[in-house]
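Undergrad: Here is the input, now give the coordinates:
(2 chains)
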Amino acid sequence: MHELSLALSLLEQIGAVAERERATRVSSVHLRVGRMSGIVRDALLFSWELARADTIAGEAVLVIDDVAVAVWCPRCDAERPVRDGEGLMCVECGTIAPTIVRGRELELTSMEVVS
Amino acid sequence: MKLRVVEIQQSILRKNDDLAGALRERFAASETLVVNLLSSPGSGKTTLLEATLGRLGADYRVGALVGDQATRNDADRLARSGAPVRQITTAAECRLDADMVGNALVDWAALPLEILFIENVGNLICPAEYDLGEDLRVVLTAVTEGEDKPLKYPLAFNTSHVALITKIDLADAVGFDRAASHAAIRSVHPNIEILEIACRTGAGLDAWNALLEARLRAKLQKSAYRTCYAGTDCDTD
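TA: Take a look at the predicted model:
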């Protein structure tokens, strides 16, 4: 459970951007969160509610965009999904594909600000 | 009043990544090999460190940082090896981060070390996301945990350089399937180095110590090469 510390560090980044943009208020915050990022969506939303109070994002909506896991399959020479519990195995050809290309994201992608 | 969208594209872990980068520079300068140990609670991280600090401590300056949510038990246990040890208590946090490691190094008389072990909080999920500036990430899984931990927690095994299968002396007693375990590990990281060890019998510990010594030598060579390349201190023999 490190969602609360993530929410706090997210708010630090939001504060820095808001200051740079001379914003008076932040109305929404958009994240990309990979399925393999170790983050529980509901726990992050819960932590966000607690952490945002009395900040410039005090009323901002947190919008989380889930990112499915994808690996680079060397045999297909293409990006492929994997199935849970099968390791990092290409669903098309069964090759073990250890290069994770998506699914680890924990990214602040954009914010809507009022200035 | 104007509403507008600001595009950002920034990792929320950026602060940790920056701090870890700074630690890596610092450990390059002090020529310290840093080993981050990851596992579930009870896989044998502390027992492995007891054995390792004791054996390597005779020839090298070794030390350890130990992370736990509460208690100093692990640090007290490891201190008996004679090696310098500091406990990091993380309270609610489920993993160590680079900031905690940096803070734990402040005013530590034991520095500089040749090998620094960092025993992470027992957890296979969150620690995998946090770079601590380590050279070597080592994941442990005990035979008592079954064979499929890598399938349940792929990232910890995918991001580690070495996998240690611990308590191998109990393999027969618990019906552990070694081939299935190796296959599961390799299904998330085909080229990972796998060692089977048992601290109670000493099985595999020579190979483990040799691996660490080889990594330390490789780091020193890289460091010497870098210094030479920069033209400041070149031994031409």
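Undergrad: Three-state assignment for residue 47, please.
TA: No chain was given, so I picked chain A. helix (DSSP: H, G, I helix; E, B strand; the rest coil).
Undergrad: Repeat that for A:Arg83.
TA: Applying three-state DSSP: A:Arg83 is coil.
Undergrad: Enumerate every residue touching it.
TA: A:89, A:91 (Cβ atoms under 8 Å, 6 or more residues apart in numbering or on different chains). C-beta: built from backbone N, CA, C; applies to glycine.
Undergrad: cool, B:Ser40 as well?
TA: B:122-124, B:141, B:145, B:149.
Undergrad: tell me the SS of it?
TA: B:Ser40 ends up coil, using three-state DSSP.
Undergrad: distance of it from A:Pro98?
TA: 21 Å (Cβ to Cβ, to the nearest Å).
Undergrad: again, but for B:Arg14
TA: B:Arg14 is 25 Å from A:Pro98, by Cβ to Cβ.
Undergrad: Same question for B:His189.
TA: In terms of Cβ to Cβ, B:His189 sits 5 Å off from A:Pro98.
Undergrad: Of those two, give the one with the bigger neighbour count.
TA: B:His189 (23 against 20; other Cβ atoms under 10 Å in any protein chain shown).
Undergrad: just to revisit the earlier point, now intersect the contacts of B:Ser40 with the strands, please.
TA: B:Thr141 (DSSP state E).
Undergrad: Isn't B:Val162 up against B:His189?
TA: No - counting by Cβ atoms under 8 Å, B:Val162 stays clear of B:His189, with 10.1 Å between them.
Undergrad: So for the longest helix along chain A, mean pLDDT?
TA: Using DSSP state H, we find that the single longest helix of chain A is helix A:3-20. Per-region confidence: helix A:3-20 scores 95 on mean pLDDT.
Undergrad: Are that helix and chain B in contact anywhere?
TA: Yes - Helix A:3-20 comes into contact with chain B (Cβ under 8 Å from any Cβ of the partner chain), by way of A:4-6, A:9-10, A:12-13, A:17.
Undergrad: Contacts for that helix, please.
TA: A:23, A:26, A:29, A:31, A:39-40, A:43-44, A:46-48, A:50-52, A:55-57, A:60, A:106, A:108, A:111, A:113, B:6, B:8, B:10, B:12-15, B:92-93, B:97.
Undergrad: Mind pulling up the pLDDT for the residue nearest to B:Tyr130 when sequence neighbours are not counted?
TA: In this structure, B:Tyr130 finds its nearest non-sequential neighbour in B:Asp97, 5.0 Å apart by Cβ to Cβ, 6 or more residues apart in numbering or on different chains. For B:Asp97, the pLDDT comes out at 95.
Undergrad: Against A:Arg104, how distant is B:Asp97?
TA: 16 Å.
Undergrad: Just want to know which of those two has more residues nearby.
TA: Neighbour count, other Cβ under 10 Å: between B:Asp97 and A:Arg104, B:Asp97 has more, with 26 against 22.
Undergrad: from what I can see the residue nearest to B:Tyr130 touches B:Asp17, true?
TA: No - if you go by Cβ under 8 Å, B:Asp97 and B:Asp17 don't touch, sitting 10.3 Å apart.
Undergrad: Next, show the common contact partners of these two.
TA: By Cβ under 8 Å, 6+ apart, no residue touches both B:Asp97 and B:Asp17.
Undergrad: Identify the residue nearest the geometric centre of chain A.
TA: Nearest to the geometric centre of chain A sits A:Val33, at 2.3 Å (Cα atoms, centre = their mean).
Undergrad: what about the chain, any weak spots by pLDDT?
TA: In the absence of a named chain, chain A is used. When residues are selected by pLDDT under 70, those of chain A lie in A:1.
Undergrad: my bad, the chain I had in mind was chain B
TA: In the predicted model, chain B carries pLDDT under 70 at residues B:229-237.
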